[in-house]
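Chemist: My questions are about this predicted structure, shown below with the sequence.
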Amino acid sequence: MPEKILITDQVDPRCCSILQSEGFEVDYKPGINVDEIKNVIAAATGLIVRGQTKITADILEAGKMLKVVGRAGAGVDNIDVDAATRRGIIVMNTPGGNTISTAEHTISMMMALARNIPQADQSLKDGKWERKKFMGTELHDKTLGIIGLGKVGTEVGRRARVFEMTVIAFDPLQSEEAASKLGIELVELQDIYRRSDFITIHSPLTAETKNLLNDKSLALCKQGVRIINCARGGIIDERALLNLLNSGHIAGAALDVFEEEPPTNSPLLHHPNVVVTPHLGASTEEAQEKVAIQIAQQIADLLHDRGIMGSVNADIIRMTQRTELKPYMTLAEKIGSLLAQLKLGKLKTIEVSVSGLLLKDSFAALGSAVLKGLFEKTLFESVNYLNASPIARERGIDLEFRTQENHPTYSHVLKVSYTTDKETKYFSGTVFGNEDIRIVEMDGFFVEMRPEGNLLFYSNIDKPGMLASVSNLLAKADINIARLSLGRYGAGKEALTIISTDNTLSDAILKEISTLAGVTEVRRAVL
């Protein structure tokens, strides 16, 4: 009996034909409900979905023979990846299939915005001839600011250069060398606001990018700026955008995505200076054909033992089978996330070094885990253990490995050093017992920190009253201290203080702490 592939969303016919030519039986049932899926999935080896079907733990439980779930597209938000991992089911996606379509849609939206095309079209169809009303602006010689220089942002930049635009970009994980080869200048976020005539967003929606373009940041923009968002709703504060459109500070906006989809109650839909489309970035025949072909080929390769491509969790499955290494993988991700949140400047090099017999043969896995922790909150594309290293190479980040001498205190230690254009620092960590993860050293200071929750880091002169001064400011802000770790060289010398708090640390409280005499390098992280 041939293996069966169940498809529950509408996909391009090429997907079915490729699978059938590979010897699989295809059960094509787009639009079936959850109960129907549970009834038919038991006999399936593979499952293919797009964005409509929600693959829950219950559905995966019903798939007794299921080996792989394939997403014909980039996002896997509709798939319970953790549940699949626990069941040993590989989840794969096709993140590159819609890159060109989304980039072209962004350029189309920018041109429509610059020349008032939708508004003029409707006016003429209403029987009017309003040439003066719809005076536009050229793209030529204008400055385009790109927030997020990943795959889509890069393709947008290439196309904007053809229009002879000056292209600048903000991306904390992109290298200047890689950007300059594209004719793109890497700048700080403030420069994007200050210099851009057009701003386009190509970042993921995370806690850090939520409402990134808000009252304050939008007010920093040039008078008459035009903004395009074909990435994710929620990165722009829609209320702030509306206010600045009404004031005339922002000349126009082109939106393909919204905080709420569909945006039934948004006044932006009816604003005369706003161009809108219903999340069409990936909606082209070519993109849908590409992802359909790609997912069919990937699943066929996997099930015929020809290799794994596009996997979100294949290495996770393999690593979780090594119980003794699992906590160190978690430690590595935590350190990567710390690095992403605490570093200053453009990242150039990461060095992963280990001591202890257990870790000496695990460089590649631990390095991928560090990179995954570094990238997963900052990149628009999906990041996993398999693609983290290629992403680092694309962004000009060198990953190096080194074996340390045995540590004088701990049997196994993972040390991660990094260099940016502004600093060189390191973190060291270990695991007590089976899962008690700790950071035990930072930049020469011996500490004992649990990498979890809200964390405040600052350097200070080791003298009486320093901790009390910081504690008083936290108390005034109604921020409770949960744990404290202090690394010191000696009285009167530099010390490192790490405070874990029960509350989120605001920009305002960080600024207050940084004004205290003797306190420097005030930073925060959330793990």
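Modeler: Happy to help now that I have it. None of the values given here were measured: they were computed from a predicted structure.
Chemist: quick one: stretch 64-76 to chain centroid distance?
Modeler: 20 Å (CA atoms, centre = their mean, to the nearest Å).
Chemist: Over to stretch 421-441?
Modeler: Distance, centroid of stretch 421-441 to centroid of chain: 23 Å (CA atoms, centre = their mean).
Chemist: Can you point out the buried residues in that stretch?
Modeler: Going by neighbour count (16 or more other CB atoms under 10 Å), the buried part of stretch 421-441 is 425-431, 437-441. Where C-beta positions appear, they are placed from N, C-alpha and C, glycine not excepted.
Chemist: do stretch 443-454 as well
Modeler: 443, 445, 447, 449-451, 454.
Chemist: ends of stretch 314-332, how far apart?
Modeler: This stretch, stretch 314-332, spans 18 Å end to end (CA to CA, to the nearest Å).
Chemist: typo on my end, it should be stretch 4-22
Modeler: Stretch 4-22 has its terminal residues 11 Å apart, counting by CA to CA.
Chemist: Same check on stretch 487-501?
Modeler: By CA to CA, the extent of stretch 487-501 from end to end equals 18 Å.
Chemist: Can you give me the buried ones in that stretch?
Modeler: 487, 494-501.
Chemist: Of those, which belong to strands?
Modeler: Within those, residues falling in strands by DSSP state E are 487, 494-501.
Chemist: Identify the farthest-apart pair in those residues.
Modeler: The span of those, defined through CB to CB, is set by Glu494 and Thr501 at 22.6 Å.
Chemist: Got the domain ranges for the chain?
Modeler: 4-94+286-312, 99-276, 317-526 (automatic domain parsing).
Chemist: For Asp35, identify the helix or strand it belongs to.
Modeler: Asp35 is part of helix 34-40, with elements assigned from DSSP states H and E.
Chemist: Flag every buried residue along the lengthiest helix in the chain.
Modeler: Looking across the chain with DSSP state H, the single longest helix is helix 285-303. Residues 287-303 are the ones in helix 285-303 that count as buried (16+ other CB under 10 Å).
Chemist: Now do the same contact list for the most centrally placed residue in the chain.
Modeler: Centroid-nearest residue in the chain, with CA atoms, centre = their mean: Leu379, separated by 2.9 Å. Counting by CB atoms under 8 Å, 6 or more residues apart in numbering, Leu379 touches 150, 173, 204, 391.
Chemist: and the longest helix of the chain, what does it pack onto?
Modeler: Here helix 285-303 touches helix 13-21, strand 44-49, strand 68-71, strand 90-92, helix 99-115, going by 3 or more CB pairs under 8 Å, 6 or more residues apart in numbering; DSSP states H and E.
Chemist: ok, residues contacting the following helix or strand past the first one?
Modeler: Moving toward the C-terminus from helix 13-21, the first helix or strand encountered (DSSP H and E) is strand 25-28. Strand 25-28 is contacted by residues 1-7, 16, 19-20, 40, 44 when judged by CB under 8 Å, 6+ apart.
Chemist: and what of stretch 275-282?
Modeler: For stretch 275-282, the external contacting residues (CB under 8 Å, 6+ apart) are 73-74, 97-98, 101-102, 105-106, 109, 112-113, 117-118, 230, 252-258, 261-262, 268-269, 288.
Chemist: Filter the residues you listed down to the buried ones.
Modeler: The neighbour count (16+ other CB under 10 Å) marks 73-74, 97-98, 101-102, 105-106, 109, 112-113, 118, 230, 252-258, 268, 288 as buried among the contacts of stretch 275-282.
Chemist: all strands for the stretch 251-400 of the chain, in order.
Modeler: Along the stretch 251-400 of the chain, the stretches classed as strands by DSSP state E, counting those that start in this stretch are 274-276, 347-355, 398-403.
Chemist: can you redo those as CSV with mean pLDDT, distance to Asp35 and mean neighbour count?
Modeler: Listed next are those as CSV, based on pLDDT from 0 to 100; distance: least, CB to CB, whole Å; neighbours: other CB atoms under 10 Å:
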stretch, mean pLDDT, distance to Asp35, mean neighbour count
strand 274-276, 98, 36, 21
strand 347-355, 94, 48, 20
strand 398-403, 90, 47, 13
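Chemist: Distance to Asp197 added to these, as JSON lines?
Modeler: Listed next are those as JSON lines, based on distance: least, CB to CB, whole Å:
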{"stretch": "strand 274-276", "distance to Asp197": "16"}
{"stretch": "strand 347-355", "distance to Asp197": "29"}
{"stretch": "strand 398-403", "distance to Asp197": "35"}
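Chemist: got the CA positions of the helix holding Asp35 in CSV?
Modeler: Taking Å, rounded to 0.1, in the frame of the first residue of the first chain, the C-alpha atoms of helix 34-40 are listed here in CSV:
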residue,chain,number,x,y,z
VAL,A,34,-11.9,19.4,12.3
ASP,A,35,-14.1,16.3,12.9
GLU,A,36,-13.7,15.2,9.3
ILE,A,37,-9.9,15.6,9.6
LYS,A,38,-9.8,13.5,12.7
ASN,A,39,-11.7,10.8,10.9
VAL,A,40,-9.4,10.6,7.8
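Chemist: And it, what does it pack against?
Modeler: Applying 3+ CB pairs under 8 Å, 6+ apart, we find helix 34-40 packed against helix 57-62.
Chemist: and of the strands of the stretch 251-400 of the chain, who's closest to Lys415?
Modeler: strand 347-355 (4.7 Å).
Chemist: before we move on, the earlier item: if you rank the contacts of Leu379 by neighbours, which is first?
Modeler: Greatest neighbour count in those, by other CB atoms under 10 Å, goes to Gly150: 24 neighbours.
Chemist: distance of that residue from Ala160?
Modeler: Gly150 is 15 Å from Ala160, where distance means CB to CB, to the nearest Å.
Chemist: just Asp126 next, same as before
Modeler: Distance of Asp126 to Ala160, given as CB to CB: 33 Å.
Chemist: try Ala525
Modeler: Distance, Ala525 to Ala160, using CB to CB: 35 Å.
Chemist: can you give me the helices for the stretch 301-450 of the chain?
Modeler: In the stretch 301-450 of the chain, the segments counted as helices under DSSP state H, counting those that start in this stretch are 314-320, 326-342, 363-375, 388-394.
Chemist: Need those helices in TSV (columns: mean pLDDT).
Modeler: TSV is the format used below for the helices of the stretch 301-450 of the chain (pLDDT from 0 to 100):
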stretch	mean pLDDT
helix 314-320	65
helix 326-342	93
helix 363-375	90
helix 388-394	83
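Chemist: Same list as before, the ones you listed that is, but in JSON lines and with distance to Ile308 included.
Modeler: Shown next, in JSON lines, are the helices of the stretch 301-450 of the chain (distance: least, CB to CB, whole Å):
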{"stretch": "helix 314-320", "distance to Ile308": "5"}
{"stretch": "helix 326-342", "distance to Ile308": "18"}
{"stretch": "helix 363-375", "distance to Ile308": "14"}
{"stretch": "helix 388-394", "distance to Ile308": "14"}
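Chemist: closest one to Gly518 among the ones you listed?
Modeler: Closest approach to Gly518 among those (CB to CB): helix 326-342, 20.2 Å.
Chemist: Next, find the distance separating Ser353 from Pro408.
Modeler: Ser353 is 15 Å from Pro408, by CB to CB.
Chemist: likewise Glu324?
Modeler: 22 Å.
Chemist: Which one of these two is surrounded by more residues?
Modeler: Using other CB under 10 Å, the more surrounded residue of Glu324 and Pro408 is Glu324, with 12 against 6.
Chemist: Tell me which residues touch that one, please.
Modeler: So Glu324 contacts Leu358 (CB under 8 Å, 6+ apart).
Chemist: Asp502 against Arg483, yeah?
Modeler: No - the pair Asp502 / Arg483 is not scored as a contact, 10.0 Å apart, by CB atoms under 8 Å.
Chemist: More neighbours: which of those two?
Modeler: A direct count of neighbours by other CB under 10 Å for Asp502 and Arg483 places Arg483 higher, at 14 against 11.
Chemist: List the contacts of the more buried one.
Modeler: Arg483 makes contact with 449-450, 499-500, according to CB under 8 Å, 6+ apart.
Chemist: Please convert those to JSON lines, extending it with distance to Gln190 and pLDDT.
Modeler: Output for these, formatted as JSON lines (distance: CB to CB, whole Å; pLDDT from 0 to 100):
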{"residue": "Met449", "distance to Gln190": "32", "pLDDT": "93"}
{"residue": "Arg450", "distance to Gln190": "34", "pLDDT": "94"}
{"residue": "Ile499", "distance to Gln190": "29", "pLDDT": "96"}
{"residue": "Ser500", "distance to Gln190": "31", "pLDDT": "95"}
